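Participant: Have a look at this fold, sequence not included:
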């Protein structure tokens, strides 16, 4: 149960049901268990947001700014910038494909490779183009998403945040070879082109960029990839308006360790307590005789939403 101090005196169970999000991602319905009715037991309550009532409450929410990226996409394919050109297999992968014309795990048959390339071409850059089109649509009619917008005052693209990387990290087709320096050199080149293309397409040649460097696993993991991802920020032409922010220091190792413990716990309560040592079903089990601790309780860190 989450009590939101600044969301009305009694606002609980904040939720954004996915089925109520508009196709363009710019509006949604906020669902929450709302305030007590006014005047109850002589208590006067101020409603925030206005219109809140006791019981289930729905409010339409419109996002004031563009948020265009989606998960499960790579920079080498779906968000590939135009100046990077068409997607091509690495030399190492092409040689491997040529050695297995009959096909193998992860390798299409020779007669299917043309279809594979056509599908890859169709996917290449599609989300980059959607992103640019979406931002341009918002900027063309800002009052559609922000009624208070002052046309005389105008607007500024204050910055661009790019936080991505996992799908490229695990893509062996695009970044083959052992985990050593140079493996992800292409990923250093792609953000460079991405920044230049986005600035050009959005008519913002000096738009600041923040590269959120992938932090999966913490400081000791994926070091080679993280260095490649942060590299564009050190380029002379980007000095002063492109910065790389490391997210690895914020990786929560306690939370990351929780799922294996949960699996062990599920195994204990789901199977172990119902079986005898000889494997036969125990119909007289008692919880306290079979339950075993799987670790110390984790220290909880709650994000306060107001």
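Facilitator: Cool, the structure landed. Since we're looking at a predicted model, the values are computed, not measured. Numbering: from 1, shown residues only.
Participant: Residue 211 is in contact with residue 230, correct?
Facilitator: Yes: at 6.4 Å, residue 230 counts as touching residue 211 under the criterion of CB atoms under 8 Å. Glycine gets a C-beta too; all of them are placed from N, C-alpha and C.
Participant: what do the two both touch?
Facilitator: Common neighbours of residue 230 and residue 211, counting by CB atoms under 8 Å, 6 or more residues apart in numbering, are residue 244.
Participant: Neighbour count: these two, which is higher?
Facilitator: residue 211 (25 against 19; other CB atoms under 10 Å).
Participant: those strands in the stretch 151-300 of the chain, which residues are they?
Facilitator: Under the criterion DSSP state E, counting those that start in this stretch, the stretch 151-300 of the chain contains strands at 160-163, 209-213, 242-246.
Participant: of all those, which lies closest to residue 184?
Facilitator: Each of these has some distance to residue 184 by CB to CB; the shortest is strand 209-213, at 12.1 Å.
Participant: From the contact counts, what lies against the closest one?
Facilitator: strand 160-163, helix 223-230, strand 242-246 (3 or more CB pairs under 8 Å, 6 or more residues apart in numbering; DSSP states H and E).
Participant: ok, residue 110 to residue 120 distance?
Facilitator: For residue 110, the distance to residue 120 (CB to CB, to the nearest Å) stands at 16 Å.
Participant: actually residue 159, not the one I typed
Facilitator: 32 Å.
Participant: Compare the two (neighbour count), which wins?
Facilitator: Using other CB under 10 Å as the criterion, residue 159 and residue 120 rank with residue 120 on top: 15 against 12.
Participant: So that one is in contact with residue 87, correct?
Facilitator: Yes: in this structure residue 120 lies within contact range of residue 87 using CB under 8 Å: 5.3 Å.
Participant: Find residues that contact each of the two.
Facilitator: By CB under 8 Å, 6+ apart, the residues touching both residue 120 and residue 87 are residue 77.
Participant: Below-threshold pLDDT in this structure: ranges please.
Facilitator: 1-26, 30-59, 62-71, 260, 262-276, 279, 281-306 (pLDDT under 70).
Participant: Walking through it, point out its helices one by one.
Facilitator: 91-99, 113-123, 126-140, 166-169, 185-201, 223-230, 253-270, 287-290 (DSSP state H).
Participant: okay if I get the ones you listed as TSV plus distance to residue 245?
Facilitator: TSV is the format used below for the helices of the chain (distance: least, CB to CB, whole Å):
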stretch	distance to residue 245
helix 91-99	32
helix 113-123	29
helix 126-140	20
helix 166-169	16
helix 185-201	13
helix 223-230	9
helix 253-270	20
helix 287-290	48
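Participant: Please spell out which residues along stretch 73-83 are buried.
Facilitator: 73, 74, 75, 76, 77, 78, 79, 80, 81, 82 (16 or more other CB atoms under 10 Å).
Participant: Pull up the gap between residue 249 and residue 187, please.
Facilitator: From residue 249 across to residue 187, the span is 21 Å (CB to CB).
Participant: All set, thanks.
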